[in-house]
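1. sequence first, predicted coordinates after that:
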Amino acid sequence: MTQVQQPGAVAPANEEAVRAWDTVLYERWKKNRKVFVGALDEVTEKSFELYPPPEGGSCIDIGCGFGDTTRRMAEIVGPEGFALGTDSSPRFVEDARLEAAEAGAENVAFEAADAQTADWDQDFDYAFSRMGTQFFAAPVPAMRAIRNSLKPGGRHCKVCWRRKDESPFWAETEQVVQQFLSRPEEYEADTCGPGPFSLGNPETCRGILEAAGFDEVELHQFDFDYYMGGDMDEAIEALLAIGPGAELIRLNGEYGESRRPEISEALVDHYSAWQRPDGTVFGRGSVWIVGATNPA
Ligand SMILES: C[S@@+](CC[C@H](N)C(=O)[O-])C[C@H]1O[C@@H](n2cnc3c(N)ncnc32)[C@H](O)[C@@H]1O
């Protein structure tokens, strides 16, 4: 397995988001990983069923986070194949590399790269991303760089959230938090970039890919039971760690934090109806599973 490379240049317009992903969001993601990653297992398998990484093929994973999907692709393509996980956050990349080494995965490697400025060789048969392409300040150049990493005829597959209102657990959490907080006109906190729902509009999602030169763009709606937590405490912690409700608290700084206990209580009331007899909490989520090809 190769070592982590030094991070390449980050596009100036992405600096704030990349900093957020390497600091506060990285920490929250790590703490709530069981929910954020576990909840997407079904979606991931559905994506690989619709658009299978080719056996013996070479794959790239964009915004790979802890590298769960990179390792899964490496398993699917088998020992003759290879998977490269890339992420703009050196801390995610470092964790991904260590975990892959601990797992003894030999056909994977990881590197830090802002997809918007990356200049990958045209080496890959398959480019995947699970929730990693919604945060670019300039999505068309970023998607063009991803397309340019694919051999002619190579396949792109990605997962992104549909509009916020299509996933009740996101929309209703925001509504509850809005009873206590509104978005301040000025704030100091870094934001995550255009945001998790920036590709929710199907025309936007398709248009960016076509403008970046992709062909055969297909969007599949996939609705699923989103695992919110093993118990109510875990669910509330995760809901207020990332996503629209968490963002409102973060942007409101100390005042936002001071309202967290009341917000948590209101969320417990709101979501108690969603709790199952074994204590787990599930909501409904909705994503696009997107397929596209680099023209031959
Ligand atoms: C929502 S997380 C998804 C992580 C992982 N794919 C998963 O599903 O567990 C978004 C990821 O995109 C990465 N990211 C954000 N902006 C990026 C950029 N400009 N280039 C590459 N990765 C980026 C973040 O660091 C983060 O790891």
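-> Nice, thanks for sending it over. Numbering: from 1, shown residues only.
2. what does this protein put close to the ligand?
-> By CB under 6 Å from any ligand atom, the residues of the chain that approach the ligand are 14, 17-18, 21, 37, 40, 63-65, 68-69, 87-89, 92, 114-116, 130-132, 135-136. Every residue, glycine included, has its C-beta placed from N, CA and C.
3. list the ones among those residues that fall in strands.
-> Assigned to strands by DSSP state E, the following of those qualify: 87, 130.
4. so where's the stretch 1-150 of the chain shaky on pLDDT?
-> Counting by pLDDT under 70, the stretch 1-150 of the chain contains low-confidence residues at 1-8.
5. helices of the stretch 1-150 of the chain, start to end?
-> With DSSP state H, counting those that start in this stretch as the criterion, the stretch 1-150 of the chain has helices at 15-22, 24-31, 33-38, 41-50, 68-77, 90-102, 139-148.
6. centre of the chain to the shortest one, how far?
-> Here helix 33-38 shows a centroid-to-chain-centroid distance of 11 Å under the convention CA atoms, centre = their mean, to the nearest Å.
7. quick revisit: can you redo the helices of the stretch 1-150 of the chain as TSV with mean neighbour count?
-> Listed next are those as TSV, based on neighbours: other CB atoms under 10 Å:
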stretch	mean neighbour count
helix 15-22	20
helix 24-31	17
helix 33-38	17
helix 41-50	16
helix 68-77	22
helix 90-102	18
helix 139-148	21
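8. for the ones you listed, which one sits closest to residue 183?
-> For residue 183, the closest of the helices of the stretch 1-150 of the chain is helix 15-22, at 16.2 Å, according to CB to CB.
9. then that closest one to PDB, C-alphas only?
-> Output of helix 15-22 as PDB, limited to C-alpha atoms (Å, rounded to 0.1, in the frame of the first residue of the first chain):
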ATOM      1  CA  GLU A  15     -10.600  26.700   1.700                       C
ATOM      2  CA  GLU A  16     -13.200  27.500   4.200                       C
ATOM      3  CA  ALA A  17     -15.200  24.300   3.600                       C
ATOM      4  CA  VAL A  18     -12.000  22.200   3.500                       C
ATOM      5  CA  ARG A  19     -10.900  23.700   6.800                       C
ATOM      6  CA  ALA A  20     -14.400  22.900   8.300                       C
ATOM      7  CA  TRP A  21     -14.200  19.300   7.000                       C
ATOM      8  CA  ASP A  22     -10.700  18.800   8.500                       C
END
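10. so which residues of the stretch 151-296 of the chain form strands?
-> Counting by DSSP state E, counting those that start in this stretch, one finds strands in the stretch 151-296 of the chain at the ranges 215-229, 281-293.
11. ok, residue 76 - contacts?
-> Contacts for residue 76 (CB atoms under 8 Å, 6 or more residues apart in numbering) come out as 48, 52-53, 55.
12. now the buried members of these.
-> With neighbours counted by 16 or more other CB atoms under 10 Å, the contacts of residue 76 contain buried members at 48, 53.
13. ok, so of the contacts of residue 76, who is nearest the ligand?
-> Closest approach between these and the ligand, by CB to the nearest ligand atom: residue 48, at 13.2 Å.
14. the closest one contacts residue 75, doesn't it?
-> No. Contact status for residue 48 versus residue 75: not in contact, 10.0 Å apart, counting by CB atoms under 8 Å.
15. spatially speaking, which residue is in the middle of the protein?
-> By CA atoms, centre = their mean, the mean C-alpha position of the chain lies nearest to residue 131, the distance being 2.5 Å.
16. can you count the residues close to the residue of the stretch 151-296 of the chain found nearest the ligand?
-> With CB to the nearest ligand atom as the measure, the residue in the stretch 151-296 of the chain that lies nearest the ligand is residue 193; the distance is 6.0 Å. The criterion is other CB atoms under 10 Å. On that basis, residue 193 has 20 neighbouring residues.
17. what's the residue nearest to residue 29 when sequence neighbours are not counted in contact with, if anything?
-> Leaving out its chain neighbours, the residue that sits closest to residue 29 by CB to CB, 6 or more residues apart in numbering is residue 36, at 5.9 Å. Neighbour list for residue 36: 29, 238, 242 [criterion: CB under 8 Å, 6+ apart].
18. and residue 155, what are its bridge partners?
-> Legend: beta-bridge partners of residue 155 under DSSP bridges are residue 126, residue 293.
19. sounds good, over and out.
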